[in-house]
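Participant: Could you work out the structure for the sequence below:
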Amino acid sequence: MTLPFFLFFFFILATVSTALPYGISYHIDCGTPTNTTDSFNTTWLSDRFFTGGTTGIVSEPLHFHHHHEKTLRFFPISSGKKNCYTVPLLSTSSRYLIRTFVVYDNYDGKSHPPSFDVSVSGTVVFSWRSPWPQSLARDGAYADLFASFQDQALICFYSFATDPPVISSLELFPVDPASYDSASVANNHTILVNYGRLSCGSNQWGPGFTNDADSFGRSWQPDSVHRTGVTGRHKVLAVSTKSSIVGADQKPNYFPTKLYQTAATTAETAEEGGGVLEYELNVDAKLDYLVWLHFAEIEDRVRKAGERVFDVFINGDNLTRVDIYKQVGVLAAFTWHHTVKNLSSSSLSVKLVGVVGAPLISGIENYALVSADPSTLPLQVIAMKALKDSLRVPERMGWNGDPCAPTNWDAWEGVTCRLSKDNTALVISQIDLGSQGLKGFISDQISLLSDLVSLNLSSNLLVGEVPSGLSQKSLIHLDLSNNQLTGSIPDSLASSSLQLVLLNGNLLEGQVPDELYSIGVHGGAIDLSSNKGLCGVPSLPACPMFWKNGRLSTEGKLAIGLSSLFVFCFILLLVYIYIRRRRNDYDFALPHELTALAAKRNRYQRQKSLMVLEMESQHARGQPSPSAIQ
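Facilitator: From the prediction side, this is the model:
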């Protein structure tokens, strides 16, 4: 897509107030370290939300009227071929007008304007090609579009060869999601790229020349440059009014009142053989265009229906007949729009032919309807951004924006993408970052890459463990060789569909899962060499008893558990016996009196026994016993 024709006009606008119907707008002064406030009391923010690049200043600052047109950010090849502004959105609206200002003005002294593309949410919307026209290179150009976003706006720049893309200012204005008949004409997957926005009958109108700001931040240009077929008696007149216009500045489009207070008409009427207004707009072929026309009856001479009637032709086709008074009366806004399908030429003509009286028109808008390219699945975007951080991917590789989109540009360096099975999104199929000097680790978020077929991170300086999340069924080739990975090989790898596994040259340890090793037996290839701690499969040492994957095995843990249980039960038994004995001593001990009586009885029995023994002894010696003497 080439640049819309209206961009080549300088100083058509400055900015608008940030007080918009649907929230706060952004005005970013690219390349500027501090905030500034312009003559319309609008705050321009210092440069922010960018992924890389460096700052510059135009060679002739005094040539520019506004501060945000004098500074710029450019993205040298050292920042990668893809750089972005990722702007967080703070509005209740999901639809925005985005406006950029781009200027070269020989800021680098090379006299070579760059070639680059600009994308919004992964869809290329502007293409700048060198050589630029001299006036454009020196004066700069504005470009704007309407697009829908979710949580953030992603505006990216893609360089050709070694050309550094440039951006001088970036603005975002929240608009009504229903604007421009989005339900029937466009949707969240269609971007409206501005190819012309004319205020008819006005010499200079729009933000930057008046305090009557457009609520959506649109810039309106004079129409005189684009009028054609004006010769002889077909003279064009500019008419205006200061009266208010009914229906202007109303939702969902908020077309400004001042747009309808001026108009272009013809000096001759249809009855006089005149009454023709014609405009020609430059466009790109093979695109669809939304043409929006604005009318308001502001001349006193028309006082009833039928006094001004004219036909509207677009590219030669008579599409409608307009009677403004009949439609809305006087001093009231009336709009009509039409979609031109698959335009075959590089110009689009709008012609008003009088039927009764002279035709009259207040404004013309023309937008290319650009279908949004598919973007990467959100979960896979999360995974890739996590990998970018964990692997410490260098800036030169340009891992910014959407990993896969736009499809007419290469994906992130070292990344291969394809369409999802339902053709609605892009998915990551391969990552090849071998020998890139990476010094980080492999994020567990890699498990979100459910369509990954091949992963090559070999010959880097990666540390940490092999993520268990590398078990997606899609994965066929895995090369993590010659790094500094530690820990064990996760069992989950054995349940994948791997046909090639290269883990050699690491610091891995523990038992190798049998199912993983069987890859080589079933026709695949596996290399586990130069990992001194691995064990348990042929060509590797046997694993110690009760030891697996660098730690206690399940069997070892079970044995220790049973032993501990036995010791614990034995201790419990000893405690039980001890307590039981103490209880017995207390419960069955005899009273003190009974103990003393028993002791006396025992002494009596012993004395009696001694007397009996003595009597028996005397009897044996022939001595009479005491009883006999008596």
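
Participant: Now do S529, the pLDDT please.
Facilitator: Looking at S529, its pLDDT stands at 92.

Participant: shaky segments in the stretch 451-600 of the chain?
Facilitator: Counting by pLDDT under 70, the stretch 451-600 of the chain shows low-confidence ranges at 521-522, 545-557, 559, 582-600.

Participant: just the strands in the stretch 151-300 of the chain please.
Facilitator: Using DSSP state E, counting those that start in this stretch, the strands of the stretch 151-300 of the chain run over 152-159, 166-167, 169-175, 190-199, 221-222, 227-228, 236-240, 262-266, 276-282, 288-296.

Participant: Nearest to G306, out of those strands?
Facilitator: For those, proximity to G306 was assessed by CB to CB; strand 288-296 is nearest, at 15.6 Å. The C-beta positions use only the backbone N, C-alpha and C, and glycine is treated the same way.

Participant: Name every strand pairing with that closest one and say which way it goes.
Facilitator: On the basis of DSSP bridges, the sheet neighbours of strand 288-296 come out as strand 333-340 (antiparallel), strand 363-371 (antiparallel).

Participant: average model confidence for it?
Facilitator: On average, strand 288-296 scores 97.

Participant: Next, format the strands of the stretch 151-300 of the chain as a markdown table and append mean neighbour count and distance to R303.
Facilitator: Output for the strands of the stretch 151-300 of the chain, formatted as a markdown table (neighbours: other CB atoms under 10 Å; distance: least, CB to CB, whole Å):
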| stretch | mean neighbour count | distance to R303 |
| --- | --- | --- |
| strand 152-159 | 22 | 49 |
| strand 166-167 | 25 | 52 |
| strand 169-175 | 26 | 36 |
| strand 190-199 | 24 | 26 |
| strand 221-222 | 20 | 29 |
| strand 227-228 | 15 | 28 |
| strand 236-240 | 15 | 15 |
| strand 262-266 | 25 | 16 |
| strand 276-282 | 20 | 22 |
| strand 288-296 | 23 | 15 |
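
Participant: T34 is nearest to which of those strands?
Facilitator: strand 169-175 (14.6 Å).

Participant: Report all helices and strands that that closest one contacts.
Facilitator: Packed against strand 169-175 by the contact rule (3 or more CB pairs under 8 Å, 6 or more residues apart in numbering; DSSP states H and E) you find strand 26-29, strand 82-88, strand 95-102.

Participant: can you rerun that using 10 Å?
Facilitator: strand 19-20, strand 23-24, strand 26-29, strand 71-74, strand 82-88, strand 95-102, strand 141-148, strand 152-159 (3 or more CB pairs under 10 Å, 6 or more residues apart in numbering; DSSP states H and E).

Participant: The last one packs against which elements?
Facilitator: Contacts defined by 3+ CB pairs under 10 Å, 6+ apart place strand 152-159 against strand 71-74, strand 82-88, strand 95-102, strand 116-120, strand 123-128, strand 141-148, strand 166-167, strand 169-175.

Participant: now that strand against strand 123-128, angle please.
Facilitator: Strand 152-159 and strand 123-128 are oriented at 40 degrees to each other (axes from the mean of the first three to the mean of the last three CA atoms, to 10 degrees).

Participant: Partner strands of strand 152-159, with direction?
Facilitator: Partners of strand 152-159 in its sheet, by DSSP bridges: strand 82-88 (antiparallel), strand 116-120 (antiparallel).

Participant: can you give me the helices for the chain?
Facilitator: Under the criterion DSSP state H, the chain contains helices at 134-139, 257-260, 324-328, 378-391, 514-521, 554-588, 592-621, 626-629.

Participant: Give me the distance from the fifth one to the chain's centre.
Facilitator: Between the centre of helix 514-521 and the centre of its host chain there is 39 Å, according to CA atoms, centre = their mean, to the nearest Å.

Participant: who touches it?
Facilitator: The contact list for helix 514-521 (CB atoms under 10 Å, 6 or more residues apart in numbering) reads 489-501, 503, 524-528, 536-540.

Participant: Can you point out the buried residues in that helix?
Facilitator: Using 16 or more other CB atoms under 10 Å as the test for burial, helix 514-521 gives 516-517, 519-520.

Participant: Separate out the buried members of the contacts of helix 514-521.
Facilitator: 489-490, 492-494, 496, 498, 500-501, 503, 526, 528, 536-537, 540.

Participant: before we move on, the earlier item: mind checking which of the strands of the stretch 151-300 of the chain is nearest R396?
Facilitator: Short answer: strand 152-159, nearest of the strands of the stretch 151-300 of the chain by CB to CB, at 12.4 Å.

Participant: buried sites along stretch 128-141?
Facilitator: Buried-residue list, stretch 128-141, by 16+ other CB under 10 Å: 128, 132, 136-141.

Participant: quick one: which of those residues is nearest P467?
Facilitator: Distances from P467 to these, taken by CB to CB, are shortest for W128, at 41.7 Å.

Participant: so where's the stretch 51-200 of the chain shaky on pLDDT?
Facilitator: 186-188.

Participant: can you tell which of the strands of the stretch 151-300 of the chain is closest to A383?
Facilitator: Using CB to CB, the nearest of these to A383 is strand 152-159, at 17.2 Å.

Participant: what separates the closest one from the chain centre, distance-wise?
Facilitator: For strand 152-159, the distance to the chain centre is 11 Å (CA atoms, centre = their mean).

Participant: quick one: pLDDT of F5?
Facilitator: Confidence at F5, expressed as pLDDT, is 40.

Participant: Dump the helices and strands packed on strand 152-159 into JSON lines; add distance to I431 as well.
Facilitator: Below are the helices and strands packed on strand 152-159 laid out as JSON lines (distance: least, CB to CB, whole Å):
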{"stretch": "strand 71-74", "distance to I431": "29"}
{"stretch": "strand 82-88", "distance to I431": "16"}
{"stretch": "strand 95-102", "distance to I431": "31"}
{"stretch": "strand 116-120", "distance to I431": "22"}
{"stretch": "strand 123-128", "distance to I431": "24"}
{"stretch": "strand 141-148", "distance to I431": "29"}
{"stretch": "strand 166-167", "distance to I431": "30"}
{"stretch": "strand 169-175", "distance to I431": "31"}
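
Participant: Thank you kindly, that will do.
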